[in-house]
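*Asks:* After the sequence you'll find the predicted model.
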Amino acid sequence: MPVTFTHAIMNNMKVIQIHKLLIFILAISFFYNPAFAQLEEDYRPIELKGEIPADFLKRIKGDIKLQYRNSLRLNSAQKEQFRIATEYTLRDIFQQGNIYFNDPMTDYVRKVGNRILYGTELANEITFFVSSYNSTNATTWQDGTIIVNIGLLSRLENEAQLAFALAHEISHFIQQHPYLQYGRFIKKQQAINKNEAFIQNIDRTLDYELEADSIAINLLRRTNYNYNEGSKVLGIIRGEYERNTIGFGNYLSSKKFTIEEHHLCRPISYRDYMEDESVSSKSVLSIDIRHKKLINRLSKIEYKSGSKTHILSVKLFRSIKLIAHFELVEQAFRTSNYLRSIYEVLALLNDYPNNKYLNIKVSENLYYINSYNDLSIMNRIFFDEKKIDDDVYADFCCFINRLTKDDMHKMVFGFVQKQYKTYPSEERMLIIMAKTVEAIYDMKYAKSYYEIYVKLYTEGEHFLMAKKKLEGS
Amino acid sequence: MKSMYKKILLFFVLFIGISLLNSCSTGKTYIDKTETFSIKDETVKHIISINPNFILPATLNPEIAKNKPIISRQEVLWFYEILQENAKVHGIHLQIEGAAETIEGFDSNYFNYLAPLKREILQVLSLQDFADVNKKESSTKMIQKHKNGLVISSHYSHLAEKYGTPYFALQGISYIPRADESKGEVILAAAVPTNDLSFITSDVETVYYTVIVDVSLSEIVYKEFRIIKTNNLQKNFDSIVDDSFSLISK
């Protein structure tokens, strides 16, 4: 240690120079953030890299330990069933590739989560993960696994809101809600099997949620996070958030097809999807009750001075939120939720109109929408039907649903051709152009595009398919 | 043209014959194969089986539990062994990837390529099944519903080079609760990857399936669903899998 110290003094001049350099770099980075600047041009979806973390593998191997007090007095067979169900479900989620690892989102969520757990015994019991699911939600398991969906991460407005969401999930674990929910289900089944009456109401979801909200506030009071942000999180889950999307009418129009007033339609009510679904209505009602109770609770707590919406860094939060949003576009596409993927792109294009990834992704999504339309099975890809709570998204779905096959062909081809002219040598664009021409016109017209692809991208992702197309043509 | 017609007819008759024989010995069978799928023409018959599913019911009802096995790691290994051994008998190298029980093949590649491919196949099977579009169904259920296979994304075609084969498979055993058991006793029952369950009769409970995709064509080229009896599973399963691979290798 003394050696290092002496060295530092001896290199005083160098230190000063480095200091200056650091200040210079910091000054530049304040105005020029490479992460954001890069997104102006392109985005590369997260590719999982490196060694698979031990806490990840553990869940795939089923090497988990449930932690609970057996307050419902389940017998050993019932406890074993609970373990099997948890182990199987977790293994399935992790094995299906739905969970990120060695990525910036997981790192960030863990940093925030560990701040809440700091100095408690829970720090060794709970592990945070991020999933590729698009619902605005997070989940807790009785082994201490907490999973935050990118759908939630992309919607939150600040770090304190994430802290509230995590504290809420931690509270579910502390109060052993997964165990209680399962235990009540088991007891009910037992009563049915023995033809006994089961008086207790097993659906205690709302009670658990209210309890978790309340405990979350207590947990956050130990930290410097502004717990008042909690009520905004409930608003976000309910669908109350600002989305500045670009108009799809202009964006999807081209020389081949102009979207005009008569192509557009409006659902009877934007929220009608939610209103006629009993389950959705119930969940909206449940969030309303939670919202009111939480506001009431917060109004009785004295405001803690010095509490913050960001402890780590505003910039870091913004970049994580953006990554989550771009991932949402990719994951919606990968799960064939093409309409949702385009809708998320429309929101991102407002800030990143020239992003190559976004423009090409719309072309790709449109190609598949057209395929399902041609097969007359487009109803199967309206995944968010009954769940849409945004006007633009509702309008967009209505527009797509109303297009005739002929108009769909014109719209898709016109848009893909427009993007192809912008990105003519881009691998993904070239293959979409080839496939679109083949689908809408004929292979003989698509051949030249496949030929260019095979010539340019001998190691491309679509090379073999393109080669086989040419061989068969 | 005439000889080609004869060949197709012969193949069809053979196909129906074999399948009917199977349905007698092992329960109902449903097979859907594209015209172009022919693994026998490959110099190396190689299939990558992505994380085969082995899901038998876990139940809360002690009466049912007595007669039915629940998920056990030992049985999963037995399942993999039977798959690989029978594939070998028919000259097919079946490479199992992404199996938690063996830990083999668990690297980033699995999560970046194979797991998404598996999800894609499952998604396509559920979205593009034309059962409710093409109403003409043969009573034998051994039909060729699609001239060209169901289409998957073409960006998986590079996996053919990466893994040395264009064939990737979903395989597994899934349990379907019978009507009288679906009153909540069964706590785990995996879905069979098809929307068209009309081939399942009321007295059956377990389905063995194989779905093969040719990533170089971006198509699902082979689908097979067989009903098996859980209580005779270990005894009969060997011959069921043998029969399945004999059809795939033809």
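*Replies:* Arrived safely, thanks for sending. Residues are numbered from 1 along each chain as shown, chains lettered A, B, ... in the order given.
*Asks:* In what element of secondary structure is A:M433 found?
*Replies:* Using DSSP states H and E, A:M433 sits in helix A:427-440.
*Asks:* Extract the C-alpha set from that helix and format it as PDB.
*Replies:* Listed next in PDB are the C-alpha coordinates belonging to helix A:427-440 (Å, rounded to 0.1, in the frame of the first residue of the first chain):
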ATOM      1  CA  GLU A 427     -29.000  -7.500 -45.100                       C
ATOM      2  CA  ARG A 428     -32.300  -7.600 -43.200                       C
ATOM      3  CA  MET A 429     -33.900  -5.100 -45.600                       C
ATOM      4  CA  LEU A 430     -32.800  -7.000 -48.700                       C
ATOM      5  CA  ILE A 431     -34.300 -10.300 -47.500                       C
ATOM      6  CA  ILE A 432     -37.600  -8.700 -46.500                       C
ATOM      7  CA  MET A 433     -37.800  -7.000 -49.900                       C
ATOM      8  CA  ALA A 434     -37.100 -10.400 -51.600                       C
ATOM      9  CA  LYS A 435     -39.700 -12.200 -49.500                       C
ATOM     10  CA  THR A 436     -42.300  -9.400 -49.900                       C
ATOM     11  CA  VAL A 437     -42.000  -9.300 -53.600                       C
ATOM     12  CA  GLU A 438     -42.300 -13.100 -53.700                       C
ATOM     13  CA  ALA A 439     -45.300 -13.100 -51.500                       C
ATOM     14  CA  ILE A 440     -47.200 -10.300 -53.200                       C
END
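*Asks:* Would that helix count as contacting chain B?
*Replies:* Yes: for helix A:427-440, a contact with chain B is found by CB under 8 Å from any CB of the partner chain, at A:431, A:435. In this view, the C-beta of every residue, glycine as well, is placed from N, C-alpha and C.
*Asks:* And the helix or strand hosting A:I147, what does it pack against?
*Replies:* Per DSSP H and E: A:I147 is located in strand A:145-149. Secondary-structure packing of strand A:145-149 (3 or more CB pairs under 8 Å, 6 or more residues apart in numbering or on different chains; DSSP states H and E): strand A:127-131, strand A:138-140, helix A:159-174.
*Asks:* Within range of chain B, give me the residues from the stretch 301-450 of chain A.
*Replies:* A:334-336, A:371-372, A:375-377, A:380-381, A:431, A:435.
*Asks:* Just the buried ones among those, please.
*Replies:* A:334-336, A:371-372, A:377, A:381, A:431, A:435 (16 or more other CB atoms under 10 Å in any protein chain shown).
*Asks:* ok, the residues you listed vs chain B, which is closest?
*Replies:* A:S336 (5.2 Å; CB to the nearest CB).
*Asks:* Assumed that closest one was part of a strand.
*Replies:* No: the assignment for A:S336 (DSSP: H, G, I helix; E, B strand; the rest coil) gives coil, which keeps it out of a strand.
*Asks:* ok, and the closest non-adjacent residue to it?
*Replies:* B:Q123 (5.2 Å; CB to CB, 6 or more residues apart in numbering or on different chains).
*Asks:* before we move on, what SS does the one you found have?
*Replies:* Going by three-state DSSP: B:Q123 is helix.
*Asks:* of all of chain B, which residue lies closest to chain A?
*Replies:* B:A115 (2.9 Å).
*Asks:* taking the mean pLDDT, what do you get for the helix or strand encompassing that residue?
*Replies:* B:A115 is part of helix B:115-128 when elements are defined by DSSP H and E. For helix B:115-128, the mean pLDDT works out to 89.
*Asks:* Can I get it in PDB, CA atoms only?
*Replies:* What follows is helix B:115-128 as a C-alpha-only set of coordinates in PDB (Å, rounded to 0.1, in the frame of the first residue of the first chain):
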ATOM      1  CA  ALA B 115     -34.700 -21.500 -27.100                       C
ATOM      2  CA  PRO B 116     -36.100 -18.800 -29.400                       C
ATOM      3  CA  LEU B 117     -36.400 -21.400 -32.300                       C
ATOM      4  CA  LYS B 118     -38.400 -23.700 -30.000                       C
ATOM      5  CA  ARG B 119     -40.600 -20.800 -29.000                       C
ATOM      6  CA  GLU B 120     -41.100 -19.900 -32.600                       C
ATOM      7  CA  ILE B 121     -42.100 -23.500 -33.600                       C
ATOM      8  CA  LEU B 122     -44.600 -23.600 -30.700                       C
ATOM      9  CA  GLN B 123     -46.000 -20.300 -31.700                       C
ATOM     10  CA  VAL B 124     -46.300 -21.200 -35.400                       C
ATOM     11  CA  LEU B 125     -47.900 -24.500 -34.500                       C
ATOM     12  CA  SER B 126     -50.500 -22.700 -32.500                       C
ATOM     13  CA  LEU B 127     -51.000 -19.800 -35.000                       C
ATOM     14  CA  GLN B 128     -50.900 -21.400 -38.400                       C
END
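*Asks:* Quick one: closest of the helices and strands packed on strand A:145-149 to chain B.
*Replies:* Closest among those, using CB to the nearest CB: strand A:127-131, at 12.7 Å.
*Asks:* Who are the contact partners of A:K435?
*Replies:* Contacts for A:K435 (CB atoms under 8 Å, 6 or more residues apart in numbering or on different chains) come out as A:367, A:446, B:154.
*Asks:* Pull out the buried members of these.
*Replies:* A:367, A:446, B:154.
*Asks:* Quick one: the residues you listed as TSV, columns for pLDDT, distance to B:S244 and secondary structure too.
*Replies:* Shown next, in TSV, are the buried ones among the contacts of A:K435 (pLDDT from 0 to 100; distance: CB to CB, whole Å; DSSP: H, G, I helix; E, B strand; the rest coil):
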residue	pLDDT	distance to B:S244	secondary structure
A:Y367	96	35	helix
A:A446	97	37	helix
B:S154	89	28	helix
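*Asks:* if we take these, which one ends up nearest to A:Y179?
*Replies:* B:S154 (45.5 Å; CB to CB).
*Asks:* Now do the contacts for the closest one.
*Replies:* By CB under 8 Å, 6+ apart, the neighbours of B:S154 are A:431, A:435, A:461-462, A:465-466, B:218.
*Asks:* Grab the two from the residues you listed that are most spread out in space.
*Replies:* Taking CB to CB as the measure, the contacts of B:S154 have their most distant pair in A:K435 and A:E461, spaced 12.9 Å apart.
*Asks:* quick one: secondary structure of B:S49?
*Replies:* strand.
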